[in-house]
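Colleague: any chance you could fold what I've pasted below:
(one chain, ligands or ions: 1)
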Amino acid sequence: MNPLPVHPRTPVFDIVIEQEDLDAVAEVLRSGWLTMGPRTEAIEAEFAAHIGVRHCVATSSCTTALHLACIAAGVGPGDEVIVPSLTFVATANAVRYCGGQPIFADLIGSHDLGIDPDHIESLITPKTKAIIPVHYAGYAVPIEAIVELCERYGLALIEDAAHAPDAYVEGAGGAPRMLGSFGASGCFSFFPNKVLAVGEGGCLVTDDDQIAATARLLRSQGMTATSIDKQRGEAFAYDVVGLGFNYRFDDPRAALLMTRFRRLHGEIERRRELVHRYRSAFADFDAIDIPYSDEQVDRSSCYLMGVRVDPAIRRDFRARLIERHGVQTTIYPATHRLSAYVEAFGEVSLPQTEAVCASLASIPLFPHLSDSEQDRVIAAVKQTVEGLS
Ligand SMILES: Cc1ncc(COP(=O)(O)O)c(C=O)c1O
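Modeller: Just a heads-up that it's a prediction; the model follows:
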């Protein structure tokens, strides 16, 4: 048994709920309107404008947004969809919900954990329907190269931007272009450990009217009218015109999302500052390797602070950090190595992903992490690695 403290002194993620968050939610609860309604519509409009697309469809999670995006892309039985393995299982599961097969592409390398466009291209077959790159940890994949592949081979692009609200790349003329705006659909998560933490929730963004209409319809059982349409007297009856789901968001969470969203940019700025502090603290420390470059940090949402250590010491590194210093860490298992995936699709070899997944651990990163607490984490990490090397 691993004697992990329930409340680590320094958790890997943490959130602060402000009085304005509580007030906003209380107001909705008092209003008595608890499903999707005006607050959901308001945050959908603000989020779409922020990403620079015409539509945002709020959903019960990013997983359900990805499922709707796969349906809208026409993924069905016999289709292949290229995905990274360094992700949460939801990315690949969304393909399987549609009867498709996820095909895992390797990542670029230990310095950049994004999916490798060259490897993607080598995996394209006549069965390939779509590509779902993941902006892992909030860092952009080589999105222009992937857009170009999708155009050349006639594939749908779905961005898994679960980690990446407020992250961008420099587009034409150097103007920022938000991640999530490149694909036919972009999917975001509002899960509590994410940069825009609300609870369960997510959204699909798109510039495509048809995709937005499909996502809206299927989010609510394929019904032609929602509860708020009926409440407003805009509909007295409804038809069901497709096989939909209950993937709805609701107004109490929309209110919380709105107040938190308005603080997002400031919080991302602080995350970037903390990541730069970590990077310079470990820069001359040979036993720790940090992916990405300083320039990439400035455009990232800095969701995770990943450090790579010798795979031979990673388990003890994580155990000592929590047991001796109260510092929590997390890891991502490679999706293609998960039991359910090996059982369904057999062994797949992805050397870069396997090397990274064996050596990577995320250390604490959240906007209200103080400089002094971060210094304590830095000292604990250095001392732990030195003690094990
Ligand atoms: C890359 C990625 N995609 C999708 C998801 C699924 O998000 P949700 O929990 O909102 O369904 C996650 C959640 O951890 C994730 O990390």
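
Colleague: what residues does the stretch 1-150 of the chain put near the ligand?
Modeller: Contact residues, the stretch 1-150 of the chain versus the ligand (C-beta under 6 Å from any ligand atom): Ser61, Cys62, Thr63, Thr87, Phe88, Ala90, Thr91, Val134. Where C-beta positions appear, they are placed from N, C-alpha and C, glycine not excepted.

Colleague: list the residues that contact the fourth one.
Modeller: Translated: Thr87. Val134, Tyr136, Asp160, Tyr332, Thr335 (C-beta atoms under 8 Å, 6 or more residues apart in numbering).

Colleague: what's the most distant pair in those residues?
Modeller: Maximum pairwise distance in those, criterion C-beta to C-beta, is 13.3 Å, between Asp160 and Tyr332.

Colleague: of the two, who's got more company?
Modeller: Asp160 (31 against 21; other C-beta atoms under 10 Å).

Colleague: for the more buried one, what are its contacts?
Modeller: Contacts of Asp160 (C-beta under 8 Å, 6+ apart): Cys62, Leu66, Thr87, Thr91, Ile132, Pro133, Val134, His135, Cys187.

Colleague: and it, its phi and psi?
Modeller: Torsion angles at Asp160 (phi, psi; degrees, to the nearest 10) stand at phi -90, psi 100.

Colleague: beta partners of it?
Modeller: Per DSSP bridges, the residues bridged to Asp160 are Val134, Cys187.

Colleague: pLDDT at it, what is it?
Modeller: We note a pLDDT of 98 for Asp160 in this prediction.

Colleague: ok, it to Pro8 distance?
Modeller: From Asp160 across to Pro8, the span is 28 Å (C-beta to C-beta, to the nearest Å).

Colleague: can you map out the helices along this protein?
Modeller: 19-31, 38-51, 62-72, 90-97, 117-123, 143-153, 209-219, 227-231, 251-282, 294-299, 314-325, 339-345, 351-359, 371-388 (DSSP state H).

Colleague: contacts for the first one next, please.
Modeller: When contacts are taken as C-beta under 8 Å, 6+ apart, the neighbours of helix 19-31 outside the stretch itself are Leu34, Arg39, Asp251, Pro252, Ala254, Ala255, Leu256, Met258, Thr259, Arg260.

Colleague: and it, what's buried?
Modeller: Within helix 19-31, the residues scored as buried using 16 or more other C-beta atoms under 10 Å are Asp21, Ala24, Val25, Val28.
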